[in-house]
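Visitor: Prediction below, plus the sequence it came from.
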Amino acid sequence: MRITQATIDQAGQIGMMIGALLAELSGEPDRVDREPCAREVLGLPSVTGLLAWQGDQPLGLLMLNECAAIYAGGRFGEITELYVVPEARSTGVAAALVAAAVRVAGDKGWRRLEVGAPAQPAWARTLAFYERQGFAPVGPRLRRIC
């Protein structure tokens, strides 16, 4: 398995992976063409996409965004999306992607990475995975759609 930085040329594949992630989280088919948004997001200097590969097959994706906050001591990273194809789960793909994100954080001088886990208890396995990767729960996140 190898990890590479995602490029805009891979926006179609990335859009499909995010669609699969959203369908899994919601239980509904994702019918949105996510390629245009993936292309836009991958073009932002504050965003890093990481892809895990086995040969020419993508196994997983991690999207990492640069944020800034006083509580975090300045700039830090947030994992906004992490997806591994079902047949490659529990094989170390997600852990390798998180390890690559930690290396990116070090290269950028970030002292902190954050991630939001899906609602519990249905996604307890996801929460346990992040805890094994060294993340600690800090409370629920809220959102407002504008």
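Guide: Sure, I can see it.
Visitor: Farthest from the middle of the protein: give me that residue.
Guide: Checked against the mean C-alpha position of the chain, the extreme residue using C-alpha atoms, centre = their mean is Ile70, at a distance of 23.2 Å.
Visitor: Please point out which parts of the biggest strand by length in the chain sit buried.
Guide: Taking residue count as the measure and DSSP state E as the definition, the longest strand of the chain comes out as strand 57-69. Buried residues in strand 57-69, counted by 16 or more other C-beta atoms under 10 Å: 58-66. Where you see a C-beta, it was placed from the backbone N, CA and C, and this is true even at glycine.
Visitor: what's the answer for stretch 38-45, then?
Guide: For stretch 38-45, a neighbour-count test (16+ other C-beta under 10 Å) marks 38-39, 41-42 as buried.
Visitor: could those go into a markdown table alongside pLDDT and secondary structure?
Guide: Compiled in a markdown table, the buried residues of stretch 38-45 are given as follows (pLDDT from 0 to 100; DSSP: H, G, I helix; E, B strand; the rest coil):
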| residue | pLDDT | secondary structure |
| --- | --- | --- |
| Ala38 | 98 | helix |
| Arg39 | 98 | helix |
| Val41 | 98 | helix |
| Leu42 | 97 | helix |
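Visitor: any idea which of these is closest to Gln120?
Guide: The nearest member of these to Gln120, counting by C-beta to C-beta, is Val41 at 27.1 Å.
Visitor: how close does the closest one sit to Tyr130?
Guide: Relative to Tyr130, Val41 is positioned 22 Å away (C-beta to C-beta, to the nearest Å).
Visitor: Return the list of helices and strands in contact with the lowest-mean-pLDDT helix or strand in the chain.
Guide: Across the helices and strands of the chain, the lowest-confidence element by mean pLDDT, DSSP states H and E is helix 124-132, at a mean of 89. Counting contacts by 3 or more C-beta pairs under 8 Å, 6 or more residues apart in numbering; DSSP states H and E, helix 124-132 is packed against helix 93-108.
Visitor: Parallel or antiparallel, list what pairs with the very next helix or strand once past the helix it packs on.
Guide: Remark: after helix 93-108, the chain's next helix or strand is strand 113-115, criterion DSSP states H and E. Partner strands and pairing direction for strand 113-115 (DSSP bridges) are strand 74-84 (parallel).
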